[in-house]
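# Attaching a predicted model along with its sequence, questions to come.
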Amino acid sequence: MNSLEQHISSLAKSAVKALYNVDAEDSQIQLQKTRPEFEGNITLVVFPFVKLARKAPQAVAQEIGEWMLNEQMVNGQIVNKFNAVQGFLNLSISDAFWVEQLKAIDADANYGRFKYPNGKINDQMVHPLMMVEYSSPNTNKPLHLGHVRNNLLGYSIAQIQEANGWKVVKTNIVNDRGIHICKSMLAWLKFGNGETPESSGKKGDHLIGDYYVRFDKEYKKQIAELMSKGMDEETAKKEAPLMLEAQEMLRKWEANDPEVRALWAKMNEWVYAGFDETYRRLGVSFDKIYYESNTYLEGKSEVEKGLASGAFYRREDGSVWADLTKDGLDEKLLLRSDGTSVYMTQDIGTAKLRFQDYPIDKMVYVVGNEQEYHFKVLSILLDRLGFPFGKELVHFSYGMVELPNGKMKSREGTVVDADELMDKMIADAREISKDKVNTLQGITEDEANEIARKVGLGALKYFILKVDPRKNMLFNPAESIDFNGNTGPFIQYTYARIQSVLRKAETSDFRNVDMSKSRNIEEKELALIQRLCEYPTAVRTAGEEFSPAILCNYAYALACDFNSFYHDLSIINEPDEQKKALRLLLSRNVAKVLRTSFALLGIEMPERM
RNA sequence: GGUUCAGUAGCUCAGUUGGAUAGAGCAACAGCCUUCUAAGCUGUGGGUCGGGGGUUCGAAUCCCCCCUGAAUCACCA
């Protein structure tokens, strides 16, 4: 609730008390922005009071409106005038109030961020700590568009929660062991001829990914061969020599076989170098990285402890299980009969190490909705094992990125590669900018490339983040991502325009807007101020709902409002100094809010484009 | 089959705890650059909010039943 809403809310409560002698609940005070077809800025919905008043809605609205105007004769005027339409009381707010709001926004360098009661955003008092896990790649293939969505959501939500007062630790759990890596390793040994990133010029993650695909190809050949000899498919999949070799390799890995370990370490290094580059280009980062190869043994020992405490039980074949039937779920395997760990075991171990490293108050896992069951179970298990954040852990579950013909599948090559996609977006941005001969004259090649990078990535990131994270989204590779309309570049362009205006404004100090002189704020100016006032609510809601999309929508609305204002009204050519000062002040703060909201999305702003 | 999530304009998506005549963008069509950046602005057309009941002053939103799609229910991760 912003300060206008607070004012009107308490005014409305007073009105209801005075008129009907009832203390209104907060939930009964329903405020909304006045729809453009009516006069006014903010609207009180009076339906909740019509029963108390025993009057028609229209009459109640009229009555409350009149009471408000009278009341303010005494207590200073915020509400200027009103009109009542059915059950809706539309209130017009005074210009002075709006100017005051704008000045307050301008004075606040951290506008929109959560502030402690002392006004600081980073008090020395203990922050609640939120750990956000995201990305969490397998090391057998390069990142694709699905990972991009994960990374962008994870990074953005970390920024948003930080703006909402959390101390945030961004973390990544790298899935660096298991049968999938052995497949790549094996294929590389058999068919690689010693190929390295250096010798081939391929990024390490792509090189490894190629061998993962190669494994699958050869494996399928073997299956087909076995089946042609009369073996059934099920058996053929198990008996194919390549699969047996891969499993043997995994056993050697677990037994610390020096050769296997050395190969594993070398190939992982290649992958990490590739990932690092992709992360850097995407603009995401981590405060602490965990590796599954270091956590899975922790998980096993945690499970052993749970076994000792009676939280879990062992079956005759030696496998360890958790009985979740009391929680309405099934029984869950934690250790295989051969003693090896499963995914769940590793997540428990990772949680343990993390909790040793940080005083976690809230744990957030940014993981696709295909793993909802897994996290439901993990939450219960961590709680049983005594992790304080277990019960309340957040699985930030997001939807899949689908292609027109369905899901992306690495092994079948139907993936949109992250690196290629970024290349394409940046190249597209560069191409488009070539047609814009106007303002980009005289800039260097490097500057032009840097703008294209920001704009291309801005288009990509906004395209992904503007969709409600919970929903599946569609990406059609045949249609390029737009640079016009409701897009990142549209908002970046709005920002760049403002920067251009501010550069041209001869003075940098235009805060001397004199409110004492009554002056009429134009409708489009007022709409902009009101929109700016909504920013803190957008930041807070985005945090509560775990939805960067809310900030996208907000930034888009603000940019639309500004462009309309910019089209209709002159800024630096305005002869009236007061009006000009107000418009410059407005422009500067629109730019500020666009920039900070985009920063929370992980999108950079170009100063010109 | 059980559970969970989704279904809104030709396409991609918005739509706060139920509020006024359901909104954007793209695509289509028609206008606006000798004037602060036209990646912009303005306008036109386009809807059985999957279907049917119910709750009430009021339902895209809440409840029930169906239809469709997705995910999941592994000694995979």
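Done, it's in. Numbering: from 1, shown residues only, chains lettered A, B, ... in the order given.

# contacts, neighbours, all on C-alpha from now
Noted.

# ok, residue A:116 - how many residues close by?
12 (other C-alpha atoms under 10 Å).

# Quick check: the gap between it and RNA strand B.
Taking C-alpha to the nearest atom of the strand, to the nearest Å as the measure, residue A:116 falls 22 Å from RNA strand B.

# and if you look at residue A:489?
Separation of residue A:489 from RNA strand B (C-alpha to the nearest atom of the strand): 5 Å.

# Now name the helix or strand holding that residue.
When elements are assigned from DSSP states H and E, residue A:489 belongs to helix A:488-504.

# repeat for residue A:194
In the assignment (DSSP H and E), residue A:194 maps to no helix and no strand.

# before we move on, the earlier item: please name every helix or strand in contact with the helix holding residue A:489.
Under the contact criterion of 3 or more C-alpha pairs under 8 Å, 6 or more residues apart in numbering; DSSP states H and E, helix A:488-504 touches helix A:445-465, helix A:548-568, helix A:577-601.

# Those residues of the stretch 51-200 of chain A touching RNA strand B, which are they?
For the stretch 51-200 of chain A, the residues found near RNA strand B under the criterion C-alpha under 7 Å from any atom of the strand are A:85-90, A:138, A:175, A:178-179.

# give the contact list for the spatially most central residue of chain A.
Chain A has residue A:153 as the residue nearest its centroid, 3.2 Å off, counting by C-alpha atoms, centre = their mean. Going by C-alpha atoms under 8 Å, 6 or more residues apart in numbering, residue A:153 touches A:366, A:465, A:469, A:548.

# doesn't it fall inside a helix?
Yes. According to DSSP: H, G, I helix; E, B strand; the rest coil, residue A:153 belongs to a helix.

# shouldn't residue A:131 be in contact with residue A:366?
No. Using C-alpha atoms under 8 Å as the test, residue A:131 is too far from residue A:366 to be in contact (10.5 Å).

# Quick check: phi and psi at residue A:31.
Main-chain torsions, residue A:31, degrees, to the nearest 10: phi -110, psi 140.

# Not counting residues beside it along the chain, what's closest to it?
residue A:44 (4.8 Å; C-alpha to C-alpha, 6 or more residues apart in numbering).

# Need the three-state assignment for the one you found.
Per three-state DSSP, the secondary structure class of residue A:44 is strand.

# Can you report how many residues lie near it?
By the criterion of other C-alpha under 10 Å, residue A:44 has 23 neighbours.

# quick one, what contacts it?
Contacts for residue A:44 (C-alpha under 8 Å, 6+ apart) come out as A:29-32, A:88-91.

# try 10 Å
By C-alpha atoms under 10 Å, 6 or more residues apart in numbering, the contact list for residue A:44 reads A:8-9, A:12, A:29-34, A:61, A:64-65, A:84, A:87-91.

# about what we covered before: can you turn the buried part of the residues of the stretch 51-200 of chain A next to RNA strand B into a ChimeraX selection?
To isolate the buried members of those in ChimeraX, using 16 or more other C-alpha atoms under 10 Å:
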select /A:86,87,88,89,90,138,175,178,179
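
# Quick check, pLDDT for residue A:420.
Looking at residue A:420, its pLDDT stands at 95.

# Surely it touches residue A:206?
No. Look at residue A:420 against residue A:206 with C-alpha atoms under 10 Å: they stay out of range, at 11.0 Å.

# higher neighbour count, the two?
More neighbours surround residue A:206 than the other of residue A:420 and residue A:206, with 21 against 12 (other C-alpha under 10 Å).

# Might one say that the more buried one is in contact with residue A:268?
No. Here residue A:206 does not reach residue A:268: they are 11.9 Å apart, not a contact under C-alpha under 10 Å.

# Spell out which parts of the stretch 501-609 of chain A neighbour RNA strand B.
For the stretch 501-609 of chain A, the contact set with RNA strand B under C-alpha under 7 Å from any atom of the strand comprises A:501, A:504, A:550, A:553, A:560, A:563-564, A:566-573, A:607-609.

# Can you say which of those are buried?
Taking 16+ other C-alpha under 10 Å as the criterion, what is buried in these is A:501, A:550, A:553, A:560, A:563, A:566, A:569, A:571-572, A:608-609.

# all strands of chain A, in order?
A:30-33, A:42-45, A:79-85, A:88-93, A:129-133, A:167-174, A:288-291, A:313-314, A:320-323, A:331-335, A:362-368, A:394-398, A:401-402, A:473-474 (DSSP state E).

# I'd like the ones you listed laid out as a markdown table, including mean pLDDT.
Below are these laid out as a markdown table (pLDDT from 0 to 100):
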| stretch | mean pLDDT |
| --- | --- |
| strand A:30-33 | 92 |
| strand A:42-45 | 94 |
| strand A:79-85 | 91 |
| strand A:88-93 | 94 |
| strand A:129-133 | 96 |
| strand A:167-174 | 96 |
| strand A:288-291 | 96 |
| strand A:313-314 | 93 |
| strand A:320-323 | 93 |
| strand A:331-335 | 92 |
| strand A:362-368 | 95 |
| strand A:394-398 | 94 |
| strand A:401-402 | 92 |
| strand A:473-474 | 92 |
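
# mind putting these in CSV, distance to residue A:491 included?
CSV is the format used below for the strands of chain A (distance: least, C-alpha to C-alpha, whole Å):
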stretch, distance to residue A:491
strand A:30-33, 23
strand A:42-45, 26
strand A:79-85, 33
strand A:88-93, 28
strand A:129-133, 28
strand A:167-174, 27
strand A:288-291, 32
strand A:313-314, 57
strand A:320-323, 51
strand A:331-335, 48
strand A:362-368, 27
strand A:394-398, 25
strand A:401-402, 24
strand A:473-474, 22
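
# Which one of those strands lies nearest to residue A:536?
Nearest to residue A:536, of all those, is strand A:30-33, at 15.5 Å by C-alpha to C-alpha.

# so how far is the closest one from its chain's centroid?
27 Å (C-alpha atoms, centre = their mean, to the nearest Å).
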